[in-house]
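> Provided below for reference: sequence and predicted model.
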Amino acid sequence: MPTDLATARQDVMRHLLDANRLVRATAGGALRGQRPRWRRLELRPVELKSGQHLQVVAYDERQSFTSNYLWGADAEHAVDELLSEPFGHWNVASTDGELGFRVSKSERVLVTRSSAGHARDVSHDRVKNRLVDPAAPFLRELGVSDPSGVVKKSRADKYHQVEEFVRLLDAAVREARSAGRLRRERLRVVDLGCGNAYLTFAAYQHLTVGLGLSVEVIGVDVKDQARRHNIEVAGKLGWSTDVHFVEGAIENADVATPVDVTLALHACDTATDDALARGVRWGSELILAAPCCHHDIQRQLRTSSPPPPYGLVTRHGLLQEHWGDLLTDALRVHLLRRGGYRTDLVEFVDSQHTPRNVLLRAHLTGSPATSEQEVEYQALVLAWELRPRLEALLAEVSGARRLEAAPAPPSPARAARQLRYET
């Protein structure tokens, strides 16, 4: 139901400040051409010694910040400030229903309402909300938790990694559904390079139990041993009807279509490019990939001449490696935008758990990259003499078309380099 932004915000404020009915609320996304101070907000009522407060947890790209506001003037002032931030969507759950709104690309304000109520929990010291239950049977089968349902110390990093990946999957799926996508009666989710299928099983459990969706989940891995092991685990869990495994390479494994969600957790080097290209080829509504290793661009940097003054960076092996990582993922983000995906990069787990802690998150919107962004991309690959594998892969994808854009005017330094190469 379309409305104006001011009215939608007033409705949300009224529900947020209802101290007797509020259960929780979230905000995220961004209005077109604007950027909120925070990446995401979570609000809920909590009972403290001094009385009931509104708790606000604000997330930036690296950490969270928690504040508590006494109901009344303090909470009202805080909510008023938060609603003035240019978030693209809000959702409020109450004991008697839900209210939410999102702002579309065309700047229409779309409001959703539901009469399904929620239970309240205002305890301050409640157990942390885990999306992946440590006692889940699949974690015991995979050796992450012991028979009593406690995560083994030696597998704590793996558990934390999967938990945070699923947390981002949860937010991305909710956002896509609130935007009117992922509405097929039965969704198909594919985990490319699934290995021992930690993410495959976690995604299935959360999407079905946590979100109540009907899904088919398919894990793809090049090793037949992994396929047979994962099929055995699925059988023990009673999930064989909905969870399947295929032996094959990421780029050409036999997978039924359509594929609504494409996942890839730490596919090494250009295997991440293969996974991203496969997701685009399928036209997946949502692609989540955590890259691992960036050897391809690293090799190209070692054989090319850096544009001045970046020789100061690439002269040092460690710095060149970090620079290669940044270049690789920046180019991937643009290439996905070129293919019609709204794409960003987030840190999904602390570096103490894994050094490969970047998540690439892409929502299919159909809006391609702008001509200005394309000019920046062309200038970057020309200056560094790069040939991104993902660009070649996407050039083969039906329907993916390169934007027509005038070449960037060469800087004096780059013009001098080009003249040197030509002579």
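Right, received. Where do you want to start? Numbering: from 1, shown residues only.

> could you list the low-confidence segments of the stretch 201-350 of the chain?
349-350 (pLDDT under 70).

> my read is that Pro40 contacts Tyr59, right?
I think there's a mix-up here, since residue 40 is Arg and not Pro. Yes. Between Arg40 and Tyr59 there is a contact under Cβ atoms under 8 Å: 4.4 Å. Bear in mind the C-beta positions are built from the backbone N, C-alpha and C, glycine included.

> what about the strands in the stretch 251-400 of the chain?
261-268, 286-292, 341-347, 358-364 (DSSP state E, counting those that start in this stretch).

> of all these, which lies closest to Glu175?
strand 358-364 (7.2 Å; Cβ to Cβ).

> now the strands of the stretch 251-400 of the chain as CSV including mean neighbour count and distance to Glu376?
What follows is the strands of the stretch 251-400 of the chain, written out as CSV (neighbours: other Cβ atoms under 10 Å; distance: least, Cβ to Cβ, whole Å):
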stretch, mean neighbour count, distance to Glu376
strand 261-268, 23, 26
strand 286-292, 24, 21
strand 341-347, 18, 15
strand 358-364, 22, 18
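
> which stretch among those comes nearest Glu185?
Here strand 261-268 is closest among those (Cβ to Cβ), at 14.8 Å.

> for Asn230, grab the count of nearby residues.
22 (other Cβ atoms under 10 Å).

> can you give the contact residues for stretch 159-177?
In this structure, residues lying in contact with stretch 159-177 by Cβ atoms under 8 Å, 6 or more residues apart in numbering are 28-29, 40, 89, 91, 130-132, 134, 139, 144-145, 151, 182-183, 198-199, 202-203, 206-207, 210-211, 213, 261, 263, 265, 285-286, 288, 290, 346, 348-349, 353-354, 359, 361, 363.

> surely Leu348 and Pro291 touch.
Slight slip there: residue 348 is Phe, not Leu. No. Applying Cβ under 8 Å as the test, Phe348 and Pro291 come out as separate, 11.4 Å apart.

> overlap in contacts, these two.
In contact with both Phe348 and Pro291: Val358, using Cβ under 8 Å, 6+ apart.

> run through the helices of the stretch 101-250 of the chain in chain order.
Remark: helices assigned in the stretch 101-250 of the chain by DSSP state H, counting those that start in this stretch are 137-141, 156-178, 198-205, 224-237.

> need the contact list for the residue nearest the centre of the chain.
Closest residue to the average C-alpha location of the chain: Arg361 at 3.5 Å, with Cα atoms, centre = their mean. By Cβ under 8 Å, 6+ apart, the contact set of Arg361 is 168, 172, 287-288, 343-346.

> let's have the residues you listed in a markdown table, adding distance to Leu16.
Converted to a markdown table, the contacts of Arg361 look like this (distance: Cβ to Cβ, whole Å):
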| residue | distance to Leu16 |
| --- | --- |
| Leu168 | 24 |
| Ala172 | 24 |
| Ile287 | 32 |
| Leu288 | 29 |
| Thr343 | 30 |
| Asp344 | 26 |
| Leu345 | 30 |
| Val346 | 25 |
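
> between those, which sits nearest Gln300?
Nearest to Gln300 among those, with distances taken as Cβ to Cβ, is Leu345, at 20.6 Å.

> quick one: the closest one from Glu285, how far?
19 Å (Cβ to Cβ, to the nearest Å).

> residues near Leu83, how many?
Neighbour tally, Leu83, other Cβ under 10 Å: 18.

> what do you get for Pro309?
Count around Pro309 with other Cβ under 10 Å applied: 8.

> if I look at Glu81, how far off is Val222?
With Cβ to Cβ as the criterion, Glu81 and Val222 are 51 Å apart.

> neighbour count winner among the two?
Each of Glu81 and Val222 has its neighbours counted (other Cβ under 10 Å); Val222 has more, 14 against 11.

> excluding chain neighbours, what is closest to the more buried one?
Ala249 (5.5 Å; Cβ to Cβ, 6 or more residues apart in numbering).

> just want the phi and psi numbers for the one you found.
phi -80, psi 150 (degrees, to the nearest 10).

> any idea how far Arg338 is from it?
As judged by Cβ to Cβ, Ala249 and Arg338 stand 24 Å apart.

> and those two? Which one has more around it.
Counting neighbours by other Cβ under 10 Å for Ala249 and for Arg338 shows that Arg338 has the greater number, 23 against 14.

> show me what the residue nearest to the centre of the chain bridges to in the sheet.
Per DSSP bridges, the residues bridged to Arg361 are Leu288, Asp344.

> check it and give its pLDDT.
Predicted confidence (pLDDT) for Arg361: 93.

> next: the one 4 residues further on.
Confidence at Thr365, expressed as pLDDT, is 92.

> I'd say it and Lys105 touch.
Yes. Using Cβ under 8 Å, Thr365 makes contact with Lys105 at a distance of 6.5 Å.

> ok, those two, which is more surrounded?
When neighbours are counted by other Cβ under 10 Å, Thr365 and Lys105 differ, and Thr365 comes out ahead with 16 against 12.

> contact partners for the more buried one?
105, 340-342.

> rerun that using 6 Å as the cut-off
Arg342 (Cβ atoms under 6 Å, 6 or more residues apart in numbering).

> now Glu141
233, 236 are the contacts of Glu141 under Cβ under 6 Å, 6+ apart.
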